[in-house]
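Undergrad: task: produce atomic coordinates for the following.
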Amino acid sequence: MALMKKVLLPLCVLILTLMICVYIPSSTTSIITVYSPKAMPRSRPFTGETSSQQTNNSDDQWALIRNMDSAYSSKNTTQPKEPTRVLKDQILASKRNVEMVTKQIETSRTLRQNENARNERMEMESDMTYNHLLSNVSTTLGISQFHYVSGNGDEGANKQSADKLTNGIARQQEVHTKEESDSYDQDEVEFLRNINAISAKISSISVTHGINKETNNILSTRNDGSNENCKPITKIVFLKTHKTGSTTMASIFERFGYRRNLMFALPRSSHIFATNSFFSRKGVLPLPQVLARSHPHFDILDNHAVYYRPEMEKTVPNATYITILRDPVTQLESAFGYFEMAKGMGISKHPNPFEMFMQKPHFYYNTTKYTMKTRSRNGQLYDLGFINTKLFNNTSAILKKIVSLDEEFHLVLITEYFDESLILMKKQLCWSFDDIIYISNGIRSKSHRFTISDKLRTKIRQWNAGDVLLYNHFNRTLWQKIKDYGPTFQADLDKFRRLEKEALNRCVDTNKFDRHDKREDKFILNPKHSGNYCQDLLRADVPYTALLRRKMREISISATAVDRNSRSQNQEKNRKKRRTRRPMSSKMMKG
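TA: Modelled structure (predicted):
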């Protein structure tokens, strides 16, 4: 027993000592492992904080880890003093992401500032270039600026009698110059007088293209119907322009052709060929084969189309070309209201959306989508084939186009002088007074009209400077033609207006209007005079197009029946001839 105590007791103490030595290092290792940086999570979960807040939290965590690590290193020198490379990379990547997002925000802000500055610069260039520089271009080219319609709606007050016109266009130019001066500031007027460089540049274009008095008088030497025995012209291409009274003009041509069974080049569907692409014969409703044999070409083309002379010439060869223009200020206001462009721009709730548009026209034109966008800047030039909108800032290109149109069109009417224009057209086409009587197809409703101040008028002329140049030139040619018409012009005009008033009183119920289309008020046929004459006068462009389609179909059916009868008669005649030429039989010869 004593031996046992002497042997076993030291052995137990030794075993216990060994167990303690083994257990303590393993426990220490597990504790170290818990607080080791390697045990920290590799990815930081999203807490809803911003990147900068998360970065600050990461820095706090970093300080805590570093303190824990330094505390442990005092006991165990083998533990590294710095955190792991993985955690460093994660923190650095987080900082780089924050910097990248910050740079993107700054870049987008800079781009927006540059875009706004560019729009403002374009509007400033428009103000300086269009209104100022182009105003003297017409003087250099001999395109005098003349009496400008005030647009107050009083058409009679704006009319001038023919005897005053014989004093020359110089007086009209003085009146227009005075009106222009009233609408500009003194600095702007002074600037208008100092554009010698631009004038010199444009004068070279006039020499290149032969713009002189002979060119301006080309139209007056064409067929004007001065011969009393002249034959009415039936080959006509009328190029419709938007919101210029062209629908009323188209009705005049359609009534003329309808009464004479002329062949119209009509669209395959609706009443429009195209609004944003050149005219093409592929869009024309083909004539039936029966009519095509006797009538290989059409007589009249007058539906909406973008002017393209080669295709139109093949459709209606040797035609007289006519179009109509309107004061660009009132024309743009009318188009803006009728096509309700403000809806697409998102400004329809504004008290005066048109004025809102003209405050930043470049912005709305370049950044929004709206109905008939191509007609919201130089829309009349666009209708006449100048569809490259990038050239709207190119003065030389615009002037070359005007020269080309002057050579290609036989007559250009002016909306503000509608009756005077029709008197010229009557003589040009050798028509009668009855052929040019008209009733307006519609009057724009008050809900789609906008007030135009003098300041707004100036902005519109700057924005529509191409149309202003176009209008000024052909307004001058109109008055020159009126001057060359002769002493009977005023008498013919008075007679026409008297006949026009009689037709209006006879065919229209002046106390009622058709307001089914909220954009315009239309006249209603007088029930006391509802015959064909008044119906033809009051019929609009769209109903005429449908009526002409039906009539051409009826003509085709009747022509087919006539052709079938003639062929059967010819076949019968041929059979009789063959019978008479049949040879005698042998029995008849013996007898």
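Undergrad: could I get the phi/psi values of residue 236?
TA: phi -140, psi 140 (degrees, to the nearest 10).
Undergrad: OK, contacts around it?
TA: 253, 299-302, 316, 319-320, 322, 429 (Cβ atoms under 8 Å, 6 or more residues apart in numbering). Every C-beta, even on glycine, is put in place using the N, C-alpha and C of the backbone.
Undergrad: with residue 552 instead?
TA: 263-264, 266, 287, 291.
Undergrad: at 7 Å what do you get?
TA: Contacts here follow Cβ atoms under 7 Å, 6 or more residues apart in numbering; on that basis residue 552 touches residue 263.
Undergrad: what comes up buried for the host helix or strand of it?
TA: Following DSSP states H and E, the helix or strand that holds residue 552 is helix 541-580. For helix 541-580, a neighbour-count test (16 or more other Cβ atoms under 10 Å) marks 541-542, 544-545, 548-549, 552, 555-556, 559 as buried.
Undergrad: okay if I get those residues as TSV plus distance to residue 362 and pLDDT?
TA: Shown next, in TSV, are the buried residues of helix 541-580 (distance: Cβ to Cβ, whole Å; pLDDT from 0 to 100):
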residue	distance to residue 362	pLDDT
541	34	86
542	35	88
544	39	92
545	37	91
548	42	90
549	42	88
552	46	81
555	51	77
556	51	75
559	55	70
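Undergrad: residue 414: which of those residues is nearest?
TA: residue 541 (19.8 Å; Cβ to Cβ).
Undergrad: so which elements touch whatever helix or strand residue 402 lives in?
TA: Assigned by DSSP H and E, residue 402 falls within helix 395-408. Secondary structure elements in contact with helix 395-408, counted by 3 or more Cβ pairs under 7 Å, 6 or more residues apart in numbering; DSSP states H and E, are helix 134-140, helix 196-208, helix 465-485.
Undergrad: quick one: the last one to helix 395-408, angle?
TA: Taking axes from the mean of the first three to the mean of the last three Cα atoms, to 10 degrees, helix 465-485 and helix 395-408 form an angle of 30 degrees between their directions.
Undergrad: tell me the pLDDT at residue 156?
TA: At residue 156 the predicted local distance difference test score is 38.
Undergrad: same check on the one 10 residues further on?
TA: Confidence at residue 166, expressed as pLDDT, is 39.
Undergrad: so which of the contacts of residue 236 are in helices?
TA: Using DSSP state H, the members of the contacts of residue 236 that fall within helices are 253, 429.
Undergrad: residue 19: which of the contacts of residue 236 is nearest?
TA: Of these, the one sitting nearest to residue 19 (Cβ to Cβ) turns out to be residue 301, at 113.4 Å.
Undergrad: residue 338: neighbour count?
TA: 21 (other Cβ atoms under 10 Å).
Undergrad: am I right that residue 378 is in contact with residue 393?
TA: No: here residue 378 lies out of contact with residue 393, judged by Cβ atoms under 7 Å, at a distance of 10.6 Å.
Undergrad: okay, those two: which has more neighbours?
TA: Comparing residue 378 with residue 393 by other Cβ under 10 Å, the one with more neighbours is residue 378, at 25 against 15.
Undergrad: and that one, how far is that from residue 546?
TA: 32 Å (Cβ to Cβ, to the nearest Å).
Undergrad: again, but for residue 425
TA: Residue 425 is 25 Å from residue 546, by Cβ to Cβ.
Undergrad: same question, residue 89
TA: Distance from residue 89 to residue 546, by Cβ to Cβ: 76 Å.
Undergrad: which stretches of the protein form strands?
TA: Along the chain, counting by DSSP state E, strands occupy 236-239, 300-301, 320-325, 411-414, 443-444, 508-514, 520-525.
Undergrad: figure out which of these is closest to residue 567.
TA: strand 300-301 (30.1 Å).
Undergrad: which residues are contacting that closest one?
TA: 236-237, 253, 257, 262, 264-265, 312, 315-316.
Undergrad: coming back round to it: can you flag the weakest of the helices and strands packed on helix 395-408 by average pLDDT?
TA: helix 196-208 - the lowest mean pLDDT of the helices and strands packed on helix 395-408, at a mean of 40.
Undergrad: still on that earlier bit, I'd like the contacts of strand 300-301 as JSON lines, with distance to residue 103 and pLDDT appended.
TA: As requested, those are exported to JSON lines (distance: Cβ to Cβ, whole Å; pLDDT from 0 to 100):
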{"residue": "236", "distance to residue 103": "65", "pLDDT": "97"}
{"residue": "237", "distance to residue 103": "60", "pLDDT": "98"}
{"residue": "253", "distance to residue 103": "64", "pLDDT": "97"}
{"residue": "257", "distance to residue 103": "68", "pLDDT": "94"}
{"residue": "262", "distance to residue 103": "70", "pLDDT": "92"}
{"residue": "264", "distance to residue 103": "64", "pLDDT": "94"}
{"residue": "265", "distance to residue 103": "60", "pLDDT": "95"}
{"residue": "312", "distance to residue 103": "56", "pLDDT": "97"}
{"residue": "315", "distance to residue 103": "59", "pLDDT": "95"}
{"residue": "316", "distance to residue 103": "63", "pLDDT": "96"}
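Undergrad: cool, thanks, talk later.
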